[in-house]
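A.B. asks: quick one, what's the 3D model for this:
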Amino acid sequence: MSRGRIILSAVVVLLGAVALFVVSNIDAPGGSADARKLLTGVESRLRAAGSARVGFTAEIRPQVSGPKATFAGTSLIRFGETDEWDTTFSGIVADGQAPVEGRAIRAGRQTYLTSPSLTADDGRAWFAATTPAFWGNTMANPNLGLADLTVWTGFLARTPGQLALNAATEELPDVEDAEHEFRVRCTPTQDPHCPPPFGTDLDALFDEAGFPVYQAWIDGDGLIRKLEVSFSVINSGTRAADPLRPQGEYQAHLTFTLDDFGTPVTVTAPPADQVTQSRLVRRRE
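C.D. replies: Residues are numbered from 1 along each chain as shown. From the prediction side, this is the model:
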């Protein structure tokens, strides 16, 4: 065989090997296409599981000065076309004040809250999420959605194909039973679904969002076991001046851990006669 034919044969074999590697990496279990489906299928698999217990911590603080807050607690979530939950806040801390306990129930499309540290003029314990309530400061507000897992899994599910394809990593700290790791940096040029809007009260307070980073740990059944979200929000001053809106840039970091998938969760709205008709809910003196 001539030298030219030997070289040509070697090139053909090499190209064939590369093609085989690419095809197998995309189509085989654990390949790139499967990794993309794992990430973007997070919401649908939670709905298939039916429910989960979700532990959470969340923090939001100013870059320079302004109100800050932390949240901690547990949610029992029933996933569906309309997600429902029963959330217990073990601590909502505003600017270093004493922790406030609370509870939030999402039944159907209505959300109700209660706290032993808050009171309404008519003495009723529960209030609708649309009722203004003072939890300690502007940031210590459950309606911001910082402790609501379903706000953030929605962004993961809408991650564009190529961005999801490149998100798989092995660089994150290990999480037990979660063999798949992802890091997604949401950039508007690649992902039109980057916030804002968030779909929460964050939209009323801030105009812009820095590039959110989502870190997700997913198990062999495709169920998300841990989610961390970091992002910044900015009041750029482009809207009319409002003294209730925080000024400048704020940093947020959220952590969610999931277990007890499929355990029955019962969510019941509070009786109507226990929901306040007052226009404002205040923190007790």
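
A.B. asks: helices of the stretch 151-285 of the chain, start to end?
C.D. replies: Using DSSP state H, counting those that start in this stretch, the helices of the stretch 151-285 of the chain run over 161-165, 202-205.

A.B. asks: and the contacts of the first one?
C.D. replies: In other words, helix 161-165. With C-beta atoms under 8 Å, 6 or more residues apart in numbering as the test, helix 161-165 has contacts from 32-33, 35-36, 39-40, 182, 184, 190-191. (Glycine included, C-beta is placed from N, CA and C.)

A.B. asks: circling back: any chance of the helices of the stretch 151-285 of the chain in CSV, plus distance to residue 75?
C.D. replies: Formatted as CSV, the helices of the stretch 151-285 of the chain follow (distance: least, C-beta to C-beta, whole Å):
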stretch, distance to residue 75
helix 161-165, 26
helix 202-205, 18
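
A.B. asks: ok, of those helices, where does mean pLDDT dip lowest?
C.D. replies: Among the helices of the stretch 151-285 of the chain, helix 161-165 has the lowest mean pLDDT, at a mean of 81.

A.B. asks: buried residues in that helix?
C.D. replies: For helix 161-165, burial by neighbour count (16 or more other C-beta atoms under 10 Å) applies to 163-165.

A.B. asks: ok, now stretch 168-180?
C.D. replies: For stretch 168-180, the neighbour count (16+ other C-beta under 10 Å) marks 168, 175, 178, 180 as buried.

A.B. asks: for residue 148, give its distance to residue 179.
C.D. replies: 27 Å (C-beta to C-beta, to the nearest Å).

A.B. asks: domain boundaries for the chain, per the record?
C.D. replies: 3-30, 34-110+138-269 (automatic domain parsing).

A.B. asks: now those as JSON lines including distance to residue 283?
C.D. replies: Converted to JSON lines, these look like this (distance: least, C-beta to C-beta, whole Å):
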{"stretch": "domain 3-30", "distance to residue 283": "51"}
{"stretch": "domain 34-110+138-269", "distance to residue 283": "8"}
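
A.B. asks: so which of the ones you listed comes closest to residue 122?
C.D. replies: Smallest distance to residue 122 across the domains of the chain (C-beta to C-beta): 18.1 Å, for domain 34-110+138-269.

A.B. asks: need the strands for the stretch 51-200 of the chain, in chain order.
C.D. replies: Ranges of strands in the stretch 51-200 of the chain, per DSSP state E, counting those that start in this stretch, are 51-62, 69-78, 84-94, 100-107, 110-114, 118-120, 126-128, 168-169, 180-185.

A.B. asks: figure out which of those strands is closest to residue 251.
C.D. replies: Nearest to residue 251 among the strands of the stretch 51-200 of the chain is strand 51-62; the distance by C-beta to C-beta comes to 5.9 Å.

A.B. asks: roughly how far apart are residue 258 and residue 131?
C.D. replies: The gap separating residue 258 from residue 131 is 30 Å, by C-beta to C-beta.

A.B. asks: for residue 271, the count of nearby residues, please.
C.D. replies: When neighbours are counted by other C-beta atoms under 10 Å, residue 271 registers 9.

A.B. asks: before we move on, back to that, who's more crowded, residue 258 and residue 131?
C.D. replies: residue 258 (24 against 17).

A.B. asks: so what pairs up with that one in the strands?
C.D. replies: Beta-bridge pairing for residue 258 (DSSP bridges): residue 54.

A.B. asks: surely it touches residue 49?
C.D. replies: No. Using C-beta atoms under 8 Å, residue 258 is not in contact with residue 49; the gap is 9.4 Å.

A.B. asks: find residues that contact each of these two.
C.D. replies: Taking C-beta under 8 Å, 6+ apart as the criterion, residue 258 and residue 49 both touch residue 223.

A.B. asks: in the protein, what spans have low per-residue confidence?
C.D. replies: The model of the chain has pLDDT under 70 over residues 1-33, 237-241.

A.B. asks: closest to residue 284 out of the contacts of helix 161-165?
C.D. replies: When the contacts of helix 161-165 are compared for distance to residue 284 (C-beta to C-beta), residue 184 wins out at 41.6 Å.
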